[in-house]
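Colleague: build me a structure from this.
(chains A and B)
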Amino acid sequence: MARSIKKGFFVDPSLMAKIEKAAKASSRKPIQTWSRRSTITPDFVGHTFNVHNGKAFVAVYVTENMVGHKLGEFSPTRIFKAHGGMTRKEL
Amino acid sequence: MPRLLGVDIPPKKKIAISLRYIYGLGPTRADLVVKEAGLDPNMRAADLTEEHLNKLQHVITDRKWVVEGDLRRDIAANLKRLQAINCYRGIRHRKGLPVRGQRTSTNARTRKGPRKTVGVTKVKAEPTTV
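Modeller: Now for the predicted structure:
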């Protein structure tokens, strides 16, 4: 079920503070965060975020049409290494 | 054969049923259209006059329903957006895997298509023709 509009977007307060700080300093340095659950709001646009995926930080440059998604959606937590491929090696 | 909204040619079924051949009209909307146009629900599509067709079309356009080509385009645009921003759902669409967190160890055949055996396949000795 979707989140109630009344409550607005959820953004981790700690992350919000970082963004405000970056905006004030108008710095374009990547913002490191573990807060995958934060929704991307219009304030995020133009910043680069290093989003933790459980192991490493994935750089995510936020553009306008990412608004409304969560940061975690852009930082995959699983890697799929392909099956098979033995035949090609032997050829 | 009656034509409605460009391409659709629903044949000799009852109107509510034949309206469902229009992309974007399902059972609910089709019934509603018939009711609103004030047509006899037992009528067959073949018996529709020009006037009836106009009436039906008006009901559909007045409702501002997105149907047929526009709807298909909207859906394609949505998928494209998801894939362009490289989010999880976009990636799943690109790979043709289920998007909404279903299991893929087994099942998921609708998205994955027919089973294809993977694993170590032995290469037949290449015929040396030199």
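Colleague: any idea which residue sits dead centre in chain A?
Modeller: Nearest residue to the geometric centre of chain A (C-alpha atoms, centre = their mean): A:L71, 2.8 Å.
Colleague: residues contacting it?
Modeller: The neighbours of A:L71, taking C-beta atoms under 8 Å, 6 or more residues apart in numbering or on different chains as the test, are A:T33, A:S35, A:R36, A:R37, A:S38, A:I40, A:F49, A:V51, A:V60. (Each C-beta comes from the backbone N, C-alpha and C, glycine too.)
Colleague: tell me the confidence at it?
Modeller: As predicted, A:L71 sits at a pLDDT of 93.
Colleague: so what's the backbone phi/psi at it?
Modeller: phi -60, psi -40 (degrees, to the nearest 10).
Colleague: and A:G72, by the same measure?
Modeller: phi -60, psi -20.
Colleague: quick check: it vs chain B, distance?
Modeller: 8 Å (C-beta to the nearest C-beta, to the nearest Å).
Colleague: can you tell me the closest non-neighbouring residue to B:E36?
Modeller: Spatially, and ignoring its direct neighbours in sequence, B:E36 is nearest to B:V59 (4.8 Å; C-beta to C-beta, 6 or more residues apart in numbering or on different chains).
Colleague: just the mean pLDDT for the helix or strand containing that neighbour, thanks.
Modeller: Per DSSP states H and E: B:V59 is located in helix B:50-62. For helix B:50-62, mean pLDDT rounds to 87.
Colleague: got a list of contacts for it?
Modeller: Under the contact criterion C-beta under 8 Å, 6+ apart, helix B:50-62 has outside partners B:2-5, B:15, B:19, B:22, B:25, B:33-34, B:36-39, B:48, B:67.
Colleague: neighbours around residue 19, how many?
Modeller: Reading this off chain A. 18 (other C-beta atoms under 10 Å in any protein chain shown).
Colleague: sorry, should have said chain B
Modeller: B:L19 - counted by other C-beta under 10 Å - has 26 other residues nearby.
Colleague: how many neighbours does the residue lying closest to it once chain neighbours are set aside have?
Modeller: Excluding its sequence neighbours, the residue lying closest to B:L19 (C-beta to C-beta, 6+ apart) is B:A30, at 4.0 Å. B:A30 is flanked by 21 other residues according to other C-beta under 10 Å.
Colleague: then the helix or strand harbouring B:A30 to CSV, C-alphas only?
Modeller: Assigned by DSSP H and E, B:A30 belongs to helix B:27-37. C-alpha atoms of helix B:27-37 as CSV (Å, rounded to 0.1, in the frame of the first residue of the first chain):
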residue,chain,number,x,y,z
PRO,B,27,-15.6,-5.4,-18.7
THR,B,28,-16.3,-2.5,-16.4
ARG,B,29,-15.8,0.2,-18.9
ALA,B,30,-17.4,-1.6,-21.7
ASP,B,31,-20.6,-2.1,-19.7
LEU,B,32,-20.5,1.5,-18.7
VAL,B,33,-20.2,2.7,-22.2
VAL,B,34,-23.1,0.7,-23.4
LYS,B,35,-25.2,1.9,-20.5
GLU,B,36,-24.3,5.5,-21.0
ALA,B,37,-24.9,5.4,-24.7
